[in-house]
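Enquirer: Can you look at this prediction? I've put the sequence above it.
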Protein chains: 2
Amino acid sequence: MNISTSLPEILRHRRQKLGELIDFPAVLWSGGSSSRNFPANTFPFRANSHFLYFAGISLQNAAIRLERGNLQLFIDDPHPSSALWHGETPTREEIAAKIGADNARPMAELADYLENAASVSVQDAPTWTQQSQLLDRWVLPQQPPQGIDLELAKAIISLRIIHDEAALVELRKAAAVSVEAHKAGMARTGKAKLEAEVRAAMEAVIMGHNMTTAYTSIVTVHGEVLHNGHYYHSLQPGDLLLADVGAETETGWAADITRTWPVSGKFSPTQRDIYDIVLAAHDACIERIAPGVEYGEIHLLAAMIIAEGLVDLGILQGKPEDLVKMDLHALFFPHGIGHLLGLDVHDMEDLGDLAGYDEGRKRSSRFGLSYLRLNRPLRPGMLVTIEPGFYQVPGILNDPKIRDQYQYLVNWERLEKFADVRGIRIEDDVLVTESGREVLTAALPNQAEAIENLVS
Amino acid sequence: MNISTSLPEILRHRRQKLGELIDFPAVLWSGGSSSRNFPANTFPFRANSHFLYFAGISLQNAAIRLERGNLQLFIDDPHPSSALWHGETPTREEIAAKIGADNARPMAELADYLENAASVSVQDAPTWTQQSQLLDRWVLPQQPPQGIDLELAKAIISLRIIHDEAALVELRKAAAVSVEAHKAGMARTGKAKLEAEVRAAMEAVIMGHNMTTAYTSIVTVHGEVLHNGHYYHSLQPGDLLLADVGAETETGWAADITRTWPVSGKFSPTQRDIYDIVLAAHDACIERIAPGVEYGEIHLLAAMIIAEGLVDLGILQGKPEDLVKMDLHALFFPHGIGHLLGLDVHDMEDLGDLAGYDEGRKRSSRFGLSYLRLNRPLRPGMLVTIEPGFYQVPGILNDPKIRDQYQYLVNWERLEKFADVRGIRIEDDVLVTESGREVLTAALPNQAEAIENLVS
């Protein structure tokens, strides 16, 4: 399949592969829009990712039925009054032609085509309630799939986890626009008073390309709050600004990039010391990516390099390999090294750990490993993030039990010298290739001096 | 009450007024966040507006119980692991102190405090399902309230429809930032290739002030599509760009502004002719706003001025008053002159027409009146939009029945000369005052020359 392949061909190829994996029909719903504060004021509609993978375009309140390579579309024609409010919208038959559906019917007829059909829960409650009623079994987002639904989920995962050329075209677009957004954020920092202004400059690039953000942006001088969704802090010259911002293309494909830069345009010596440790871990992990390599080992490699670096700086005391075994790295790097990336920023996380964890594997209960979202051998076509970090999380480092347990392994006095390093993360998107790897976000510098040059 | 009044005082005042109107307890839920594509990837949370009015701040998965001026808060303390991902978040008691709650309890105890309590449906399905279960009756967003729920809705409307000083402080902030956003959009137009770029420049201003958009922005060269939510069209020199964009403050108060400007920076003579008609209607409607005036009459005033203007231009043929009676204006101005504005952009539209229509009034079935969202006598403290427009909607003007019915009243040949006027709307936010009116968005010019000067 080549980049200029038409949408119907791309989709036919995907559903033929699905047809080789399952011998029962699959019905996938797109979902409906969610109300913000009143029914007519909705959030921007985002179709279900499994639907998008096989239907190619974002359609609201639609379903597709896939069986042995055949595609049936279910959607209602626009209401006659819709032209006034929403303009001329394509008819069912026009949409069917666009995506190469074998036939198309009104939604009301879907009920007649559900016998022995497997499905996957969508994101919005009104639709998953409807799914459950029509299928006469519970299909819920928080409930692990069972029976044929589980078989379908595994089949879809085996396809979506290895990106085809058409997917890669979109993923590269998302990466390129996200790179531009980060550069705009760095360039805006000098004149900004609030985190919100830098966020706005970054998201404006994404929006200007008629894309959306793939997830709630993190743009904060409090990088130690891992899922910080606030933007009201003012920027001070000694602060580091952590920005985790990624674009999503019109057909739903995501990028996920983090950079951390000094508000003043110059890292302090302590910030620079830690930054270089995180970057060393980042670079080593990317260097290690290749087919057959266990992603869990890459996580442990990051842990080891961070532990070594912190021993060199006198923050940790002991042998790095012993420290990693005792989860000392996780005091400062309490999350996983990364995750799958695709139509979802945590790709297929709607299926729990089915996509992230290889058959028979489960999350570790160890503090230093439990947040790892991906634990599989790498294969060509997989796209993963690599995102090591260093954070001084008060909830961890001020915990009396932790301070007591690790009193001789952490030099707490030395650590105080690094008080101006609250949170650093460096994140890139890495495609596993036959010969090794390709960093899709490589156009965005990550070396300290290069970052300093971009901040104005 | 004065502008520097503290949040607890503002809220106490509001609930005391509610306590004078109903003698049963009211329980209001804030709602939960909605998933975008997988459970952990949510849309930005927006609390229910009725909750926000009485609780003052956006709290997720919370409820308040109001009874005779008393405020009870129900919310769970943050999970211990939450500090790692979300930072230190305030405890139940800290939140209670901030909003001046008389006491505070975990959500699980809410069930014990629901006897004889009235409520209003929230926006998200998981919460409204929970509401319905706990109250043991259906509380659904699309269902008109009954019994004490209806009494509560009417009491809340009678408060929310007249804005207090604290609300006006927020509404003025939203208006000011929206004015800035429109100026930024005009300034960006000359360099923009896509609608999306102008939208991005406008929303970046809103985001940079740490606000959100109050509704999905319309930024389009196809203004004739009334609810156009696409931004992919390219900008051509002869196009008019219609931008309907408004900010919402952190506590939920909205603005709603529309301007229409020429991409080239210069209206064509035909565009200018129509623009001036719409502006004349806009100005005359605002001039007419005063306590006691029927909003429905203001709609008809707009209809009359538009009809007169189109007769003068030779597009309509006949006496303006006759043409309005036959709904001829509605061929080109098919929506209402405006609506209530407050915590919702169509304020309290979650309650259907209860807020917009005075007791005993119903929507007209006339084409020229059926879309009117507000039909009440005006009172000081009400905030309304005034938004006349002119559109060439193909779904209306190409309808053979309409062309046949109105063949002698529209000069279809003359109309063709105005093909470069697809859609114009001019919208401002107008507060009814004791002495007349105050335009909260007056800082944004609307005269054609002034607009041309802002476009670069």
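Expert: Yep, that arrived.
Enquirer: what are the phi and psi angles of the nearest residue to A:Thr216 once chain neighbours are set aside?
Expert: Closest residue to A:Thr216 apart from its sequence neighbours, by Cβ to Cβ, 6 or more residues apart in numbering or on different chains: A:Gly229 at 5.3 Å. Quick note: C-beta positions are derived from backbone N, CA and C, even for glycine. Per-residue torsions, A:Gly229: phi -110, psi 20 (degrees, to the nearest 10).
Enquirer: helix, strand or coil for A:Ile64?
Expert: Secondary structure for A:Ile64, judged by DSSP: H, G, I helix; E, B strand; the rest coil, is strand.
Enquirer: Next one: the residue nearest to A:Thr216, what pLDDT does it get?
Expert: Looking at A:Gly229, its pLDDT reads 86.
Enquirer: Could you confirm whether the longest helix anywhere in chain A reaches chain B?
Expert: Criterion DSSP state H: the longest helix present in chain A is helix A:165-189. No: remark: helix A:165-189 sits outside contact range of chain B, by Cβ under 8 Å from any Cβ of the partner chain, the gap being at least 9.2 Å.
Enquirer: So the following helix or strand past that helix, near chain B or not?
Expert: Using DSSP states H and E, the helix or strand that follows helix A:165-189 in sequence is helix A:195-208. Yes: Helix A:195-208 reaches chain B (Cβ under 8 Å from any Cβ) through A:196-197, A:199-201, A:203-208.
Enquirer: Kindly report the same for stretch A:61-72.
Expert: No: judged by Cβ under 8 Å from any Cβ, stretch A:61-72 makes no contact with chain B; its nearest approach is 14.9 Å.
Enquirer: Can you list the buried residues in that stretch?
Expert: Neighbour counts over stretch A:61-72 (16 or more other Cβ atoms under 10 Å in any protein chain shown) mark A:61-67, A:71-72 as buried.
Enquirer: Please apply the same query to stretch A:383-400.
Expert: Quick answer for stretch A:383-400 (16+ other Cβ under 10 Å): A:383-393, A:395-397.
Enquirer: Pick out the least confidently modelled helix or strand of chain A, by mean pLDDT.
Expert: The weakest-scoring helix or strand in chain A, judged by mean pLDDT, DSSP states H and E, is helix A:82-86 (a mean of 78).
Enquirer: What strand or helix carries the residue nearest to A:Val421 when sequence neighbours are not counted?
Expert: Nearest residue to A:Val421, sequence neighbours excluded (Cβ to Cβ, 6+ apart): A:Ile274, at 4.7 Å. Assigned by DSSP H and E, A:Ile274 falls within helix A:269-288.
Enquirer: could you list every residue that touches A:Gly318?
Expert: By Cβ atoms under 8 Å, 6 or more residues apart in numbering or on different chains, the contact set of A:Gly318 is A:311, A:328, A:409.
Enquirer: Take these and keep only those in strands.
Expert: When DSSP state E defines the strands, the subset of those inside them is empty.
Enquirer: Just the closest of those residues to B:Tyr113, please.
Expert: Nearest to B:Tyr113 among these is A:Leu328, at 47.5 Å by Cβ to Cβ.
Enquirer: pretty sure the closest one contacts A:Tyr406?
Expert: Yes: contact between A:Leu328 and A:Tyr406 holds when scored by Cβ atoms under 8 Å: they sit 6.6 Å apart.
Enquirer: the more surrounded of the two?
Expert: A direct count of neighbours by other Cβ atoms under 10 Å in any protein chain shown for A:Leu328 and A:Tyr406 places A:Leu328 higher, at 25 against 19.
Enquirer: How about the residues of the stretch 351-456 of chain A by chain B?
Expert: So far as Cβ under 8 Å from any Cβ goes, the stretch 351-456 of chain A lies against chain B at A:393-396.
Enquirer: what's the burial count for the nearest residue to A:Leu110 once chain neighbours are set aside?
Expert: Counting by Cβ to Cβ, 6+ apart, A:Phe74 is the residue found nearest to A:Leu110 once chain neighbours are left out, at 4.5 Å. When counting by other Cβ under 10 Å, one arrives at 25 neighbours for A:Phe74.
Enquirer: contacting residues for A:Phe74?
Expert: Residues in contact with A:Phe74 (Cβ under 8 Å, 6+ apart) are A:62-65, A:104-107, A:109-110, A:113.
Enquirer: Tell me the spacing between A:Ala303 and A:Ala281.
Expert: The spacing between A:Ala303 and A:Ala281, counted by Cβ to Cβ, to the nearest Å, is 8 Å.
Enquirer: Looking at the two, which has the bigger crowd around it?
Expert: Counting neighbours by other Cβ under 10 Å for A:Ala303 and for A:Ala281 shows that A:Ala281 has the greater number, 29 against 26.
Enquirer: Provide a list of residues in contact with the more buried one.
Expert: By Cβ under 8 Å, 6+ apart, A:Ala281 lies in contact with A:301-302, A:305-306, A:309, A:388.
Enquirer: could you dump those residues to CSV with secondary structure, pLDDT and distance to B:Thr249?
Expert: Formatted as CSV, the contacts of A:Ala281 follow (DSSP: H, G, I helix; E, B strand; the rest coil; pLDDT from 0 to 100; distance: Cβ to Cβ, whole Å):
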residue, secondary structure, pLDDT, distance to B:Thr249
A:Leu301, helix, 98, 47
A:Ala302, helix, 98, 41
A:Ile305, helix, 98, 45
A:Ile306, helix, 98, 41
A:Gly309, helix, 98, 44
A:Pro388, coil, 98, 38
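Enquirer: Strands of the stretch 351-456 of chain A, residue ranges please.
Expert: A:383-386, A:389-391, A:423-425, A:428-433, A:436-439 (DSSP state E, counting those that start in this stretch).
Enquirer: Make CSV out of those and add distance to B:Gln236 and mean pLDDT.
Expert: Below are the strands of the stretch 351-456 of chain A laid out as CSV (distance: least, Cβ to Cβ, whole Å; pLDDT from 0 to 100):
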stretch, distance to B:Gln236, mean pLDDT
strand A:383-386, 38, 98
strand A:389-391, 47, 98
strand A:423-425, 43, 98
strand A:428-433, 36, 98
strand A:436-439, 39, 98
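Enquirer: Now render those as TSV, adding distance to B:His86.
Expert: Shown next, in TSV, are these (distance: least, Cβ to Cβ, whole Å):
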stretch	distance to B:His86
strand A:383-386	21
strand A:389-391	13
strand A:423-425	14
strand A:428-433	25
strand A:436-439	30
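Enquirer: hmm, back to that, looking at the longest helix of chain A now, give me its mean pLDDT.
Expert: 98.
Enquirer: Repeat that for stretch A:403-416.
Expert: 94.
Enquirer: for that stretch, how far is the first residue from the last?
Expert: By Cα to Cα, to the nearest Å, the extent of stretch A:403-416 from end to end equals 14 Å.
Enquirer: what's the offset of it from the middle of its chain?
Expert: When C-alpha coordinates are averaged (Cα atoms, centre = their mean, to the nearest Å), stretch A:403-416 and its chain have centres 34 Å apart.
Enquirer: what's the answer for stretch A:343-360, then?
Expert: From the chain centre to the centre of stretch A:343-360 is a distance of 11 Å (Cα atoms, centre = their mean).
Enquirer: again, but for stretch A:336-348
Expert: Chain-centre distance of stretch A:336-348: 4 Å, with Cα atoms, centre = their mean.
Enquirer: tell me the average confidence for that stretch?
Expert: Averaged over stretch A:336-348, pLDDT sits at 98.
Enquirer: Please save the CA atoms from that stretch in CSV.
Expert: Extracted C-alpha coordinates of stretch A:336-348, given in CSV (Å, rounded to 0.1, in the frame of the first residue of the first chain):
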residue,chain,number,x,y,z
GLY,A,336,6.5,4.6,33.0
ILE,A,337,9.0,5.4,30.2
GLY,A,338,6.1,5.6,27.7
HIS,A,339,3.2,4.1,25.9
LEU,A,340,1.7,3.2,22.5
LEU,A,341,0.6,6.1,20.3
GLY,A,342,-1.9,6.0,17.4
LEU,A,343,-5.5,7.1,17.1
ASP,A,344,-5.5,7.5,20.9
VAL,A,345,-2.6,9.3,22.7
HIS,A,346,-2.5,6.2,25.0
ASP,A,347,-3.4,4.0,22.1
MET,A,348,-6.3,1.6,22.7
